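Trainee: The amino acid sequence is not available; the structure is as follows:
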DNA sequence: TTGTTCATGTCGTAC
DNA sequence: GTACGACGTGAACAA
């Protein structure tokens, strides 16, 4: 990895065009040839970048550029899309290279399908008298997250999301349409369950007779811990 | 900005838990206190990070940690969510600080918002006698990109995309359904406008009586430049 | 390889 | 501040 602190301007031409005016920035060149341009603030996202696979080539500035103060030009080209990033370097304040080796990578814990497992175990959250039937109930157009029955024994299809948006409502709508055409299982009602539900998704769901259910992940996990401890 | 190359392990506890085993990495501390942990490959996304607002505190490793080889502990805490990132530092290979100043920021060209602005100004592209009403016209399920009127005064909802795909047609369909149920604005017809329109999207749109309109971004920008120059 | 869904998404913008 | 959609979305996983 090479780290360069330099006064530079940057131009990107690819899926869009973008330009960075002259300023002092960090240029990070990774072992795979990719380049990141970072400022001293903002988020983890670079101001500009080129992802691998790409190649970087150094070239001499022409006389106009030299007159303007450019001392070096880096041209980074993506090998597939041919997107281009051009860094015009005016002054270099720091330049160092470091051997890092390959990284063992990130280990994550506790994300997504956990919620499905918890709701299957705590099916009473759907309401009085509900019973669990199946997780990942297969239909011709994909699996329904959870299939349950209400107190009267009618089928209930549950679509589960962390962040409930319109897409999830559309998905559940398609399942319900299909299942309600199958006399073996119809009638099927729908529940849209998520940790957060956007107002417009809620509106669309309710327009279509789909019930919305907000889930409290921490409470559900807490209940699970308690249950686990008891047995 | 401070740049540290160090052998370290990292633990994150927040919305999820994550762990990085011992390896040599770049630690970037930005002026706002945020921290980025980068390896020498992968994408522009750091292996782990803490976004501002956050504060970083140095602490001494306890005796177990010292025995394991830890020479310093950085604890970065998010000021609002209290997410925590703990960096256990074993050996430092490089440590430098640099003054970058604030960045003037990125100038983008060619995004959807620009296209929206141009079409609002050049509403005649929709057809003879069309007039512009509003950008980002709010409905209960989200904003319609452009609301216009045709020559007869009937409302027209325009959904704008750079690359027109089925999703965009579905989005416009939802708006039209809702708006056509509102007697104050019905009847509303739809126009699906994009720089490129995929064949399936075009078929679906036309099946639903939605007109498709291909936009020539360069021509629209050129017309804009001309108009700007003339006045 | 392609498509689909998730994300500690992040980012801008209108309300 | 909240809500919402776009993003050079990127990344992981299934088919």
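Mentor: Sure, I can see it. What you see is a predicted model, and the numbers here were worked out from it, not measured in a lab.

Trainee: wait, does whichever strand or helix holds residue A:116 make contact with DNA strand D?
Mentor: If you go by DSSP states H and E, residue A:116 is part of helix A:113-121. No. Helix A:113-121 stays clear of DNA strand D (C-beta under 7 Å from any atom of the strand), getting no nearer than 9.8 Å. In short, each C-beta sits where N, CA and C put it, glycine included.

Trainee: contact partners of stretch A:133-141?
Mentor: When contacts are defined by C-beta atoms under 8 Å, 6 or more residues apart in numbering or on different chains, stretch A:133-141 is touched by residues A:116-117, A:120, A:143-149, A:155, A:157, A:174-175, A:178-179.

Trainee: pLDDT on that stretch, on average?
Mentor: The average pLDDT within stretch A:133-141 is 84.

Trainee: in the helix holding residue A:116, what counts as buried?
Mentor: Within helix A:113-121, the residues that count as buried by 16 or more other C-beta atoms under 10 Å in any protein chain shown are A:115-116, A:118-120.

Trainee: which residues of chain A fall in helices?
Mentor: A:63-68, A:113-121, A:166-180, A:199-207, A:217-230 (DSSP state H).

Trainee: Go through these and name the closest to residue B:107.
Mentor: Comparing those by their distance to residue B:107 (C-beta to C-beta), the top pick is helix A:63-68, with 18.0 Å.

Trainee: how far does the closest one sit from the chain's center?
Mentor: 43 Å (C-alpha atoms, centre = their mean, to the nearest Å).

Trainee: same deal with stretch A:85-102?
Mentor: Centre-to-centre, stretch A:85-102 and its host chain are 29 Å apart (C-alpha atoms, centre = their mean).

Trainee: repeat for stretch A:167-184
Mentor: 26 Å.

Trainee: Using neighbour counts, pick out the buried residues of that stretch.
Mentor: A:168-173, A:175-176, A:178-180.

Trainee: So it, near chain B or not?
Mentor: Yes. Stretch A:167-184 reaches chain B (C-beta under 8 Å from any C-beta of the partner chain) through residue A:170.

Trainee: and that stretch, is it in reach of DNA strand D?
Mentor: No. Judged by C-beta under 7 Å from any atom of the strand, stretch A:167-184 and DNA strand D are separated, with a smallest distance of 9.2 Å.

Trainee: what is the mean pLDDT for that stretch?
Mentor: Stretch A:167-184 comes out at a mean pLDDT of 89.

Trainee: List the contacts of that stretch.
Mentor: When contacts are defined by C-beta under 8 Å, 6+ apart, stretch A:167-184 is touched by residues A:139-142, A:144, A:155, A:157, A:159, A:161, A:185-190, A:192, A:194, A:201, A:204-205, A:208, A:210, B:170.

Trainee: could the helices of chain A go into TSV alongside distance to residue A:85?
Mentor: Listed next are the helices of chain A as TSV, based on distance: least, C-beta to C-beta, whole Å:
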stretch	distance to residue A:85
helix A:63-68	16
helix A:113-121	38
helix A:166-180	33
helix A:199-207	37
helix A:217-230	40
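
Trainee: Got the domain ranges for chain A?
Mentor: Domain assignment of chain A by automatic domain parsing yields the ranges A:2-97, A:113-230.

Trainee: weakest of the ones you listed by average pLDDT?
Mentor: Of all these, domain A:113-230 has the smallest average pLDDT, which comes to a mean of 86.

Trainee: From the chain's centre, how far out is that one? Work that out for me.
Mentor: Offset of domain A:113-230 from its chain centre (C-alpha atoms, centre = their mean): 22 Å.

Trainee: Say whether DNA strand C is contacted by that domain.
Mentor: Yes. Interface with DNA strand C: domain A:113-230 contributes A:142, A:161-162, A:171 (C-beta under 7 Å from any atom of the strand).
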